[in-house]
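In: structure of the sequence below:
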Amino acid sequence: MQNAPWMNPELETLRDSARRFYEAELLPHEERWAQQQCVDRDVWYKAAEAGLLCVGIPEEYGGGGGNFLHEAVIFAEQGRMLCPGLGNSLHSGIVAHYIHNFASEQQKQEWLPKMAKGELVGGLAITEPGAGSDVQSIRTAARKEGGDYVINGAKTYITNGSTANLICVVVKTDPNLGAKGISIIVVETDKVEGFRRGRTLSKVGLHSQDTAELFFDDVRVPQANLLGNVEGQGFKQLMKELSRERVITAFMSMACMERAIEETLKFAADRKVFGQTLLSMQNTRFKLAECETKLTLAKAMLSHCSASLLEGQLSSEIAAMAKWWITDACGQVVDECVQLHGGAGFMLEYPIARLYQNVRIHRILAGTNEIMKEVIARELEKRAV
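Out: All right, here's what the predicted structure looks like:
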């Protein structure tokens, strides 16, 4: 993240520490993990020992006591390094914050220190076979029975799905109330019956990252595991935390843009075409100038989003703008860089080809970019009234 406006010596030290961990503990295993479609369970403990889990959670709950930028540089560097298997951006950047922001004090004391140690791996179960970005269409339901909720339903495309043992499950507690009938219930999978993991899913990219189907068949969970203590708060909780998730996704896209440009500069400086380097040709120079401009604009936008988020002032429409524009720009930059590599750009031995595989999902994660535009348009509509 060269010349990023938010970087300072402390964040640079953290980024470099994270990079060394990725080089030592993730990159050497990427090929094997891609074959098994998930990382080894013990790497979560190693990440904890390296201080990379829950860095944005207060120290009183076992976290690192940092802020959003401490998390962002760790997650962005992992994306840039092309070692996506460890689903830490979800575990630490999203699930831990659901717990910290909405769980009871007792639950925070119980769950967050274990997440920081890697004993609990976090998951977030929203998407269903018939409901993706349209959260209000979910069908997984939870009914009260005695002192428990009984959960029935299925989830799919769940990051950390094969490994997670603490899952925030989005359910309908009252199917008749639409968005106001949605709640989030925390399921500790090691303590329940009726929970099943389905297939680990094969993907276009992010091959080492664990993505799975989950099934809930009369899964009984204590009513105390309801986030927020009041039913029907789930949609509001999702909307609040999705802004963070969208900025995290944008940070990772920004880092991947940066890596794509770095790789293409090196390739173009060495590659000879018609007796001259590819980098000396005007088309190459202009294309890379366009790519660098998009990267610079992305950094400026993320600087604004980060400052707003740290002040608690980040609006959902600004987060949506950052998410769709930066992930779109990332797709454009990586595609241009593949083209500049020529045939080599289609070969997986080159980092640019793996970037091409990995970044496509960014335009879908955390709500599709079409949904982002709808979020923005609704705010515009309010101004027209």
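
In: what is the mean pLDDT for the longest helix seen in the chain?
Out: What stands out as the longest helix in the chain, according to DSSP state H, is helix 234-270. For helix 234-270, the mean per-residue pLDDT is 96.

In: show me what counts as buried in it.
Out: Residues of helix 234-270 classed as buried: 234-235, 237-238, 240-261, 263-265, 267-268 (neighbour count, 16 or more other CB atoms under 10 Å). C-beta: built from backbone N, CA, C; applies to glycine.

In: which residue ranges make up each domain of the protein?
Out: 9-120, 123-232, 235-384 (automatic domain parsing).

In: quick one, helices of the stretch 251-385 of the chain?
Out: For the stretch 251-385 of the chain, the helices defined by DSSP state H, counting those that start in this stretch cover 282-310, 316-341, 351-359, 369-384.

In: give me the contacts around the lowest-mean-pLDDT helix or strand in the chain.
Out: In the chain, the helix or strand scored least confidently by mean pLDDT, DSSP states H and E is strand 272-273, which has a mean of 90. Strand 272-273 has contacts (CB atoms under 8 Å, 6 or more residues apart in numbering) with 278, 281.

In: can you list the strands that it pairs with?
Out: Looking at strand 272-273 with DSSP bridges, its partner strands are strand 276-277 (antiparallel).

In: roughly how far apart are the most far-flung residue of the chain relative to its centre and residue 311?
Out: Most distant from the centre of the chain: residue 275, at 44.0 Å, with distances by CA atoms, centre = their mean. Here residue 275 is placed at a distance of 55 Å from residue 311 (CB to CB, to the nearest Å).

In: before we move on, what about residue 242?
Out: Going from residue 242 to residue 311 by CB to CB gives 18 Å.

In: check residue 143 too.
Out: Residue 143 sits 40 Å away from residue 311, going by CB to CB.

In: repeat for residue 350
Out: Look at residue 350 and residue 311: by CB to CB, they are 41 Å apart.

In: repeat that for residue 299.
Out: Per CB to CB, residue 299 is found 19 Å from residue 311.

In: out of these two, which sits in the busier spot?
Out: The neighbour count for residue 299 versus residue 311, taken as other CB atoms under 10 Å, is higher for residue 299 (22 against 8).

In: just confirm the more buried one contacts residue 72, I think it does.
Out: No: using CB atoms under 8 Å, residue 299 is not in contact with residue 72, being 11.6 Å away.

In: so what sits against both of these two?
Out: Counting by CB under 8 Å, 6+ apart, nothing touches both residue 299 and residue 72.

In: what's the longest helix of the chain packed up against?
Out: helix 68-80, helix 96-102, strand 166-172, strand 182-188, strand 276-277, helix 282-310, helix 316-341, helix 351-359 (3 or more CB pairs under 8 Å, 6 or more residues apart in numbering; DSSP states H and E).
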